[in-house]
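Enquirer: sequence plus predicted model, see below.
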Amino acid sequence: MDPLNPFAEKVLDLVERIPPGKVMAYGDIAEYLGEGGPRQVGKVMSTWGGGVPWWRVVHADGSGAAPDHLRECLAHWREEDTPLRGERVDMRLARWDGRPAEHERSSADFQ
DNA sequence: ATAATGACGTCGG
DNA sequence: TCCGACGCCATTA
């Protein structure tokens, strides 16, 4: 098992902070951290993702991480009321920018 | 040093 | 919407 590196810790810490009902794409995480890339994030998740809410990390198109765990993803998403569109997450609504939930913006901040 | 690979992403057809 | 080709970046063969 590869030893944790600073990058991996940041990724895992961030994933743990993703609020229920929200998700982040691999690329979003890399961009948020300002280092590495989607594939690097994927490497981290495949190695140590078991200890964090991995189902909140999805592909940019909203599809789940692993096809064989699709049932598992769906179950978690439904449980957390994650906006879904068929078998994928509705990124337009579920994407988390990294900002704390705070109070919802009253007026439509959606661009 | 070169090529293949992977829990990815974007673009075109 | 689905799929293949490419691009990307670190790791491994």
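Expert: Arrived safely, thanks for sending.

Enquirer: interface residues of chain A facing DNA strand B?
Expert: A:25-28, A:38-43, A:45-46, A:49-50, A:54, A:57, A:59-61, A:65-66 (Cβ under 7 Å from any atom of the strand). The C-beta positions use only the backbone N, C-alpha and C, and glycine is treated the same way.

Enquirer: if any of these are buried, give me the PyMOL selection for them.
Expert: To isolate the buried members of these in PyMOL, using 16 or more other Cβ atoms under 10 Å:
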select buried, chain A and resi 25+26+28+38+40+41+42+43+45+49+54+57+59+65
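
Enquirer: restricted to strands, list the residues of chain A next to DNA strand B.
Expert: A:Ala25, A:Val57 (DSSP state E).

Enquirer: considering only the residues of chain A next to DNA strand B, which also neighbour DNA strand C?
Expert: Within the residues of chain A next to DNA strand B, those near DNA strand C by Cβ under 7 Å from any atom of the strand are A:Pro38, A:Arg39, A:Gln40, A:Lys43.

Enquirer: could those residues be laid out in CSV, adding pLDDT?
Expert: Listed next are these as CSV, based on pLDDT from 0 to 100:
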residue, pLDDT
A:Pro38, 97
A:Arg39, 97
A:Gln40, 97
A:Lys43, 96
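
Enquirer: ok, now which ones touch the spatially most central residue of chain A?
Expert: Most central in chain A under Cα atoms, centre = their mean is A:Val57, positioned 2.5 Å from the mean C-alpha point. The neighbours of A:Val57, taking Cβ atoms under 8 Å, 6 or more residues apart in numbering as the test, are A:Val15, A:Ile18, A:Val23, A:Met24, A:Ala25, A:Tyr26, A:Ile29, A:Val41, A:Met45, A:Gly49, A:Ala65.

Enquirer: so what's the residue count around A:Val58?
Expert: Applying other Cβ atoms under 10 Å, we find 24 other residues in the vicinity of A:Val58.
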